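1. Based on what follows, work out the 3D shape:
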Amino acid sequence: MRMRRSLAAVTAAAALAGLGLTGAATATAATARGGPSYVTPSQCTQGGGTPDLAHNVCKGGTHNGEKID
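-> The predicted model follows:
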């Protein structure tokens, strides 16, 4: 019973974050493997950063240093 509640909580959190479980797993797997991380200019801004389109990186915020796609 406790396991079902935990799974429901994880599913709800992923849905509220705008990610499907496969998207969350893919993002985690890509980061764990050291793969490149890309964000959109909008995601950079929403995370509190400023998109530097001249160098294609996000400066500041939660996506600091990530490449902009």
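
2. After the lowest-mean-pLDDT helix or strand in the chain, which helix or strand is next? Please name it.
-> When the helices and strands of the chain are scored by mean pLDDT, DSSP states H and E, helix 21-32 comes last with a mean of 50. Following helix 21-32 in sequence order, the next helix or strand is strand 38-39 (DSSP states H and E).

3. Name the residues that touch that next one?
-> Residues outside strand 38-39 that contact it (C-beta atoms under 8 Å, 6 or more residues apart in numbering) are Gly47, Cys58, His63, Glu66, Lys67, Ile68, Asp69. (Each C-beta comes from the backbone N, C-alpha and C, glycine too.)

4. Filter those residues down to the buried ones and hand me the ChimeraX line.
-> Restricted to buried positions by 16 or more other C-beta atoms under 10 Å, the ChimeraX selection for these reads:
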select :58,63,66,68
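
5. Which of the contacts of strand 38-39 fall within strands?
-> Per DSSP state E, strands hold the following members of the contacts of strand 38-39: Cys58, Lys67, Ile68.

6. Just list whatever residues bridge to the residue nearest to Asn56 when sequence neighbours are not counted.
-> Closest residue to Asn56 apart from its sequence neighbours, by C-beta to C-beta, 6 or more residues apart in numbering: Ile68 at 4.8 Å. According to DSSP bridges, the partner residues bridging Ile68 are Val39.

7. Pull up the gap between Ile68 and Leu53, please.
-> Distance of Ile68 to Leu53, given as C-beta to C-beta, to the nearest Å: 7 Å.

8. How about Thr62?
-> When Thr62 is compared with Leu53 (using C-beta to C-beta), they lie 19 Å apart.

9. more neighbours, these two?
-> Taking neighbours as other C-beta atoms under 10 Å, Thr62 and Leu53 compare with Thr62 leading, 13 against 9.

10. Could you pull up the contacting residues of the closest residue to the more buried one other than its chain neighbours?
-> Leaving aside its chain neighbours, Thr62 sits nearest to Gly47 (3.8 Å; criterion: C-beta to C-beta, 6+ apart). Gly47 makes contact with Val39, Cys58, Gly61, Thr62, His63, according to C-beta under 8 Å, 6+ apart.
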